[in-house]
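K.L.:
Compute the structure for the input listed below.
(chains A and B)
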Amino acid sequence: MTVEPGVEELRELVAEFQPNRGHVMPALHKVQEKYGFIPRPAFEVIARQLNSTPALIFGAATFYSDYRLHAPPETEIAWCCGPACRVLGGQRVLDAIQDELGIGFDEHTEGDRLGLHVGQCNGTCHEAPQVWVNGKVRGNLTPESARELVRELKAAGE
Amino acid sequence: MNAKLESIIAEAKRNWQSEQNSGRIRIRVTRDTSSLARGADETIAKLQGAIDSKKLTADLGVTGSWGFCWMEPCVTVRSAAGTHTILYGNVTPDRAGEFIEAIAAGRDFPELAIGVVEGNATADIPLLSDHPFMKGQVRRLMANIGTTDPESIEHYLAHDGYAGFGKALEMDAEAIVKEMLDSGLGGRAGAGFPTGRKWDFLRTATASPRYLVCNADEGDPGAWVNRVLLEGDPHLIVEGLLIASLATHADEAYIYIRYEYPIAFARMQKAVEQAREKGLVGKNILGSGKDFEIVVFFGAGAYVCGAETGLMSSIDGYRGMPRIKPPFPAQAGLWNKPTNVNNVESYANAPMIMRNGAQWWSSVSDAKEKGTKMFTFSGSVNWAGCVEVPFGPSIGTVVDQWCGGMREGRVLKGFQPGGPLSGVCAANRNLTLTLDPYRELGLFLGGGGIVFFDQFTCVLDMCKFFLAFCEDESCARCTTCRGGTQRAVEIMRRIQAGGGRDSDFTNLQTLVTTMVWSNCFHGQFAMTTIKTALKAFPDEWQEHIVEKKCRAGVCEALESGLQPVRRVEPEEALALAGS
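P.N.:
Numbers count the residues shown, from 1 in each chain, chains lettered A, B, ... in the order given. Just a heads-up that it's a prediction; the model follows:
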């Protein structure tokens, strides 16, 4: 269970931002950078700071796939959903990972140890098919090596 | 030229020269997203460790990517005398030790050599310009990449950086726009609309303040040309924006970079700060009385923000939903003020045009589309890399020469010319890299990311995949797009599960003809993949829907028609691919 940060702390964090200056996303980034996700009170604090409403800020935040409303897992596997990965067998790699983890996208294993996320192509297609483990590329996967990788990550936390 | 600018360029050139004549071995490692994925930082650490422990008179630095992305990390080694420079590839951490041993002993390391950059070819190492990947490339935007440190404004200045801006400072806005128009530069994101005309819209707008937006939200999966530029030569984009600000009387620019490119974001921020320190950005630029601000903006993962009005909503702080045009951005863009939105590459060409003139710039090829274009290639080819070429080469050249051919046992079946909205076409080696042939086929050549696929790829699965992408990324404003993409994905899933019906052809056609009513490109072109795939691969649809077969063996509920993997001769491959 994550403890939510206090309102004072959040206010201080976003104090530099101003209304009508394109600061909604920078403010959300700053909060997420600090906590790994955007805690609920942050929407109210940012709204007040930017002379907006929590509904508008929440609406903006949920439009994007990379703002998170929940704490990330300890280790995150982001599976690249790009076409080069798909052409080279990415779907079977995903099937193997999901089978081995026993969870679907944006779910976590027990104790928030491992999580699965959809990653977007960033042009390291020479490593296809690939995943990012906490941002680090693990490429040229086969269903077998992907299973191996998941087992390795599972074992690392035990 | 502006005296202050002239003096900082001259000083940077002197420093660069003395650095070149330092009498030390110069080792430069590519450090970008691609090379980091292949262990560049560990390679750098190992090389630095060896330099220190062996007390080599060598200095280590970083550059952007040469485009040999599949062979990252790449390393150039320039001899102490400065007469012999070699580019090496695949200098992964496990090879770094033996590599630096050889360099320390004064030897080349032919095993990993790609080619000789400076000096004569050796018995083991040919010239880099003779490498098939480099042949036919004309590197203008990429001229500095591999040579300069992307985080050094000094290096950029030493290579005539900001000289184009210097020239523009002495011209009036109309003359700059005219030069841009004369060059024939078309928008580089796919539409090809003349950049000069766009600039003219903003130049003649009446309200102020006015804004420039650089669209670096390169969301097309399989495209990373903008990333190579942003990470490899960020000052080129700053200079392009400066020139555009003079041409359009813009007050402020936003560079919108997608969340997946954190290194590009950091480097652009650094470049803007360095430009500010030199007096190139901010108040009273170089004493000219001109004020101009640049803000580097970080996206958060939304494909539809690549649409210019979606991007503006995003900066404004709302959901990144594309707006209804008119009003056009030049009338009411950011904060309802006049705004001009261009692609990264479009801005990056402006310094080239200013420095060397429109005529030089456009004389590079006979194609109707002027200038050079960067492309990235990926999928079932051997080499996934980034090239810069004049418009016009054929797909055959692309595959054979710049992609190193197809992967073993894989036959070219088709390709996607530029992102999930661009459609798919069957293998046709004679298609050229120009805009018209694709338009005639109902496709478009997009931002530069071309993805090749082979006989193991099911065309219907690709269609499902791209429609699912479009469904996921739809902003949900228009019923046609929100509901249409959902419906298309449902139909595709059912067909793949063995539930295809004859009426599906009609259903899909209905979606093709109604989704074009959507407000923005996203909805209008979401069905392009299915529309073009129906035309290019009619047999495969017939097999899936009527015969319940999947020749690629991808759709597990259907009977597999997969042929065993075997080597295929090129002529036979062509016949099989139906070109």
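
K.L.:
When you work out contacts or count neighbours from here on, use the C-alpha atoms and nothing else.
P.N.:
OK.

K.L.:
in chain A, which spans are strands?
P.N.:
Under the criterion DSSP state E, chain A contains strands at A:75-80, A:114-119, A:131-133, A:136-138.

K.L.:
among the ones you listed, which is nearest residue B:221?
P.N.:
Proximity to residue B:221 (Cα to Cα) singles out strand A:75-80 among those, at 9.7 Å.

K.L.:
got the angle between the closest one and strand A:114-119?
P.N.:
With axes from the mean of the first three to the mean of the last three Cα atoms, to 10 degrees as the basis, strand A:75-80 and strand A:114-119 are set at 30 degrees to each other.

K.L.:
how many neighbours does residue B:557 have?
P.N.:
Residues near residue B:557, counting by other Cα atoms under 10 Å in any protein chain shown, number 15.

K.L.:
Does it touch residue B:493 like I think?
P.N.:
No. When contacts are counted by Cα atoms under 8 Å, residue B:557 is not listed as touching residue B:493 (10.7 Å).

K.L.:
Let me know the next secondary structure element after the longest helix anywhere in chain B.
P.N.:
Longest helix in chain B by number of residues, with DSSP state H as the criterion: helix B:3-20. Once the chain leaves helix B:3-20, the next helix or strand it forms, by DSSP states H and E, is strand B:25-30.

K.L.:
what about that next one and chain A, any contact?
P.N.:
No. For a cut-off given as Cα under 8 Å from any Cα of the partner chain, strand B:25-30 has no contacts with chain A; the smallest distance is 14.1 Å.

K.L.:
at contact distance from chain A, anything in the following helix or strand past that strand?
P.N.:
As assigned by DSSP H and E, the chain's next helix or strand after strand B:25-30 is helix B:33-37. Yes. Shown here: helix B:33-37 in contact with chain A (Cα under 8 Å from any Cα) through B:33, B:34, B:37.

K.L.:
And stretch B:232-243, by the same measure?
P.N.:
No. Stretch B:232-243 stays clear of chain A (Cα under 8 Å from any Cα), getting no nearer than 14.1 Å.

K.L.:
roughly how far is that stretch from the heart of the chain?
P.N.:
How far stretch B:232-243 lies from its chain's middle: 15 Å, per Cα atoms, centre = their mean, to the nearest Å.

K.L.:
Residues in contact with that stretch: which ones?
P.N.:
Here stretch B:232-243 makes contact (Cα atoms under 8 Å, 6 or more residues apart in numbering or on different chains) with B:32, B:63-65, B:141-142, B:144-146, B:149-150, B:153, B:156, B:161-162, B:164-165, B:168, B:212, B:214, B:230, B:253, B:267-268, B:271-272, B:292, B:344, B:347-351.

K.L.:
Now do the same for residue B:12: its pLDDT.
P.N.:
On pLDDT, residue B:12 comes in at 98.

K.L.:
check contacts around the residue positioned nearest the centre of chain B.
P.N.:
Compute the mean C-alpha point of chain B, and by Cα atoms, centre = their mean the closest residue is residue B:225, 1.4 Å away. Residues counted as contacts of residue B:225 (Cα under 8 Å, 6+ apart) are B:374, B:375, B:376, B:386, B:447, B:448, B:449.

K.L.:
For the residues you listed, which PyMOL command selects only the ones that are buried?
P.N.:
Restricted to buried positions by 16 or more other Cα atoms under 10 Å in any protein chain shown, the PyMOL selection for those reads:
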select buried, chain B and resi 374+375+376+386+447+448+449
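
K.L.:
farthest-separated two in the contacts of residue B:225?
P.N.:
Greatest spatial distance in these: B:386 and B:447, 12.5 Å, computed using Cα to Cα.

K.L.:
Overlap of the contact sets of the two?
P.N.:
With contacts defined as Cα under 8 Å, 6+ apart, the residues shared by residue B:386 and residue B:447 are B:225, B:375.

K.L.:
Torsion angles phi and psi at the closest residue in space to residue A:40 that isn't next to it in sequence?
P.N.:
Counting by Cα to Cα, 6 or more residues apart in numbering or on different chains, residue A:40 lies nearest to residue A:69, which is 7.5 Å off, once chain neighbours are set aside. Main-chain torsions, residue A:69, degrees, to the nearest 10: phi -100, psi 0.

K.L.:
what about residue B:408, neighbour count?
P.N.:
Neighbours around residue B:408, by other Cα under 10 Å: 13.

K.L.:
Quickly note the distance from it to residue B:382.
P.N.:
As for residue B:408, its distance to residue B:382 is 8 Å (criterion: Cα to Cα, to the nearest Å).

K.L.:
what's the closest of the strands of chain A to chain B?
P.N.:
Judged by Cα to the nearest Cα, the one of the strands of chain A that comes nearest to chain B is strand A:136-138, at 5.4 Å.

K.L.:
Spell out which strands sit alongside that closest one in the sheet and which way each one runs.
P.N.:
With DSSP bridges as the test, strand A:136-138 is paired with strand A:131-133 (antiparallel).

K.L.:
ok, back up a step: just checking, the residue nearest to residue A:40 touches residue A:39?
P.N.:
Yes. The criterion here is Cα under 8 Å, and residue A:69 meets it with residue A:39 at 6.4 Å.

K.L.:
Just want to know which of those two has more residues nearby.
P.N.:
Taking neighbours as other Cα under 10 Å, residue A:69 and residue A:39 compare with residue A:39 leading, 20 against 15.

K.L.:
check contacts around that one.
P.N.:
Contacts of residue A:39 (Cα under 8 Å, 6+ apart): A:4, A:5, A:69, A:70.

K.L.:
can you do 6 Å?
P.N.:
Neighbour list for residue A:39: empty [criterion: Cα atoms under 6 Å, 6 or more residues apart in numbering or on different chains].

K.L.:
distance of it from residue A:72?
P.N.:
Taking Cα to Cα, one finds residue A:39 at 12 Å from residue A:72.

K.L.:
Tell me the secondary structure at residue B:557.
P.N.:
Recorded secondary structure, residue B:557: coil (DSSP: H, G, I helix; E, B strand; the rest coil).

K.L.:
Look up the closest residue to it, ignoring the ones flanking it.
P.N.:
residue B:497 (5.2 Å).

K.L.:
Tell me the bridge partners for residue A:131.
P.N.:
residue A:79, residue A:138.

K.L.:
Isn't it up against residue A:79?
P.N.:
Yes. Contact status for residue A:131 versus residue A:79: in contact at 4.5 Å, counting by Cα atoms under 6 Å.

K.L.:
of these two, who's got more company?
P.N.:
Neighbours around residue A:131 and residue A:79, counted as other Cα under 10 Å, are more numerous at residue A:131. The numbers are 29 against 26.

K.L.:
picking up where we left off before, adding distance to residue B:318 and mean pLDDT, write the strands of chain A out as TSV.
P.N.:
Formatted as TSV, those follow (distance: least, Cα to Cα, whole Å; pLDDT from 0 to 100):
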stretch	distance to residue B:318	mean pLDDT
strand A:75-80	27	97
strand A:114-119	23	96
strand A:131-133	30	98
strand A:136-138	31	97
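
K.L.:
distance between the ends of stretch B:195-214?
P.N.:
Note: stretch B:195-214 ends 13 Å apart using Cα to Cα.

K.L.:
wait, does that stretch make contact with chain A?
P.N.:
No. Stretch B:195-214 lies out of reach of chain A by Cα under 6 Å from any Cα of the partner chain, never closer than 12.7 Å.

K.L.:
check contacts around the residue nearest the centre of chain A.
P.N.:
Closest to where the C-alpha atoms of chain A average out (Cα atoms, centre = their mean) is residue A:66, at 5.7 Å. Listed by Cα under 6 Å, 6+ apart, the contact set of residue A:66 reads B:300, B:301.
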